[in-house]
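*Asks:* Pasted the sequence and its predicted model underneath.
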Amino acid sequence: MNSTNDYTITIITIIVIGVATFLSVRHYIEYKKQPEHVQPVMVTQPNTSVNVKESAAVESYIKTHITTIALDQPVLGGHWTVTSVTTDTITKTAVVTYEDGHIQGKANITYTFDGATVTITKTEKAS
């Protein structure tokens, strides 16, 4: 009976070693199929300080001139207040959201900027 137990333990040991080897090889193969780790590349806009200056100038201009930029009239004696401005200095566009305490408006704006002066060239209602 002792040799039967030894035989059973030997068979179980061989099976365990075989399964462990199989799983290790399978894991290694799956790992090798994964693409190599690639370092991310940071893309920056050229002359970022100019872009920040331009964005600030556009936002300031819009906030100061919202009464002439807004496509709607304020209601119930309200006056327009800018709630957000998103500027894209590459396409020279901005999206402005404004409200008077009763209603809200949103406009797409196209502008030019010469380094000092902002000029609105087009304003249209945004959805």
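*Replies:* Thanks, I have the structure now.
*Asks:* after the lengthiest helix in the chain comes which helix or strand?
*Replies:* With secondary structure taken from DSSP state H, the chain has its longest helix at helix 2-33. Note on helix 2-33: by DSSP states H and E, the next helix or strand toward the C-terminus is helix 48-64.
*Asks:* Name the residues of that following helix that come out as buried.
*Replies:* By neighbour count with 16 or more other Cβ atoms under 10 Å, helix 48-64 contains the buried residues 51, 54-55, 57-59, 61-62. (C-beta placed from N, C-alpha, C; glycine too.)
*Asks:* Ok, stretch 117-127 next?
*Replies:* For stretch 117-127, the neighbour count (16+ other Cβ under 10 Å) marks 118, 120, 123 as buried.
*Asks:* Can I get those residues in TSV including distance to Phe22?
*Replies:* Below are those laid out as TSV (distance: Cβ to Cβ, whole Å):
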residue	distance to Phe22
Val118	69
Ile120	70
Thr123	68
